[in-house]
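> kindly return the folded structure for what I paste below:
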Amino acid sequence: MTKAIGTARPRTRTAKLGIGVLLAGIAAGAVWLAQPQSGKGDAGHAAAPGIRPDTRGASSFTAPASVSAPLLPGVTVPDGLRADRDGHLVKDGRVRDVFDYYLSAGNTRTQARIDAAVRGRIAAMLHAPADSEAIDLWTRYLGYLGALKDDMQTAGLADGVAPAVMSAAGFERVEHLVSARAALRRQWLSDVALTWFGQAEQDDRRQFQALRVVADRSLSDSERSARLAALDADDPVARAAREAGSRVQALSIAMARTRDAQASPGAASSEAAR
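Okay, the predicted model is just below:
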């Protein structure tokens, strides 16, 4: 019998919320692939060149001859398609911002229209060899998302919703999925995996460590607090926030002391020098 981690205690709800956030993040990129591949006005076109069939879920697309209205009216397309001085694509995170902009329209547009829109944007913004490099990267990004969608379905987590009670087996399943996602990124997107996802993967690992601590019923409240504090101390984002808060607090104290010392010019000068 599978042992459930927690029931109704607050820390269990926190763990479930954290798992839900992780699953939602995993599902966000892949869920658009579940949309129909064709729709009104898209039928009868030849398959778009450069889209490789993927037996794990990356789809082949049919592209209209032209792209009409913007996929997200009123939202500006990110300015992320750039070439370096040698004409090669600058493969930073802004390229992914462009791809995700178009993918975010997946619930209202067919895959064919999305693919055609991305290719049209690439053609409008880039010249050779950056244009072919961008199409190759876009194709591989789709392959990654398709493979990720298949893994989520296999794990029974395709909807990105955490179970009402997270069992130990369920916890392991989600953790395995996060690890598998990282492996897929390096398989499909080896040239940009670290740039695009490195920080997020570090954050995911820290969050999983924290969730394990929260869900560990063998720990006392003081032990749990100590372990969470240690994880927080090792988090550069949290540490930077604490340091920024400390600087603001120190400045506020100095300003208060300066105001209090207004009657003594010498004291005020001393505070200002600090």
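
> need phi/psi at Leu89.
Per-residue torsions, Leu89: phi -60, psi 130 (degrees, to the nearest 10).

> what of Ala83?
Per-residue torsions, Ala83: phi -110, psi 150 (degrees, to the nearest 10).

> how many neighbouring residues does it have?
Residues lying near Ala83 (other CB atoms under 10 Å) number 18. The way it works is simple: take the backbone N, C-alpha and C, and place the C-beta from them, glycine included.

> what's the average pLDDT for the helix or strand in which Arg181 is found?
Per DSSP states H and E, Arg181 falls inside helix 168-188. What helix 168-188 shows for mean pLDDT is 83.

> just the mean pLDDT for stretch 124-131, thanks.
96.

> for stretch 109-120, same thing?
Stretch 109-120 comes out at a mean pLDDT of 90.

> can you confirm Ala210 is in a helix?
Yes: using DSSP: H, G, I helix; E, B strand; the rest coil, the assignment for Ala210 is a helix.

> for it, give its distance to Ala182.
18 Å (CB to CB, to the nearest Å).

> ok, back up a step: on contacts alone, who are the packing partners of the helix holding Arg181?
helix 10-30, helix 130-154, helix 193-215 (3 or more CB pairs under 8 Å, 6 or more residues apart in numbering; DSSP states H and E).

> which other residues reach stretch 90-99?
77-84, 89, 118, 121, 133-134, 137-138, 141, 191-192, 195-196 (CB atoms under 8 Å, 6 or more residues apart in numbering).

> hang on, the earlier thing: confidence-wise, which of the helices and strands packed on helix 168-188 is weakest overall?
The bottom spot among the helices and strands packed on helix 168-188, by mean pLDDT, belongs to helix 10-30, with a mean of 53.

> just the C-alpha atoms of stretch 208-225, please, in PDB.
The C-alpha atoms that make up stretch 208-225 are tabulated as PDB, following Å, rounded to 0.1, in the frame of the first residue of the first chain:
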ATOM      1  CA  PHE A 208      11.800  20.000  -4.600                       C
ATOM      2  CA  GLN A 209      14.300  20.000  -1.700                       C
ATOM      3  CA  ALA A 210      12.000  22.300   0.200                       C
ATOM      4  CA  LEU A 211       8.900  20.300  -0.700                       C
ATOM      5  CA  ARG A 212      10.500  17.200   0.600                       C
ATOM      6  CA  VAL A 213      11.400  18.900   3.900                       C
ATOM      7  CA  VAL A 214       7.800  20.300   4.200                       C
ATOM      8  CA  ALA A 215       6.300  16.800   3.500                       C
ATOM      9  CA  ASP A 216       8.600  14.900   5.800                       C
ATOM     10  CA  ARG A 217       6.400  13.900   8.800                       C
ATOM     11  CA  SER A 218       9.400  12.600  10.700                       C
ATOM     12  CA  LEU A 219      10.700  16.100  11.300                       C
ATOM     13  CA  SER A 220       9.800  18.300  14.200                       C
ATOM     14  CA  ASP A 221       8.700  21.900  13.500                       C
ATOM     15  CA  SER A 222      12.000  23.300  14.700                       C
ATOM     16  CA  GLU A 223      13.900  20.800  12.500                       C
ATOM     17  CA  ARG A 224      11.800  21.600   9.500                       C
ATOM     18  CA  SER A 225      12.300  25.300  10.000                       C
END
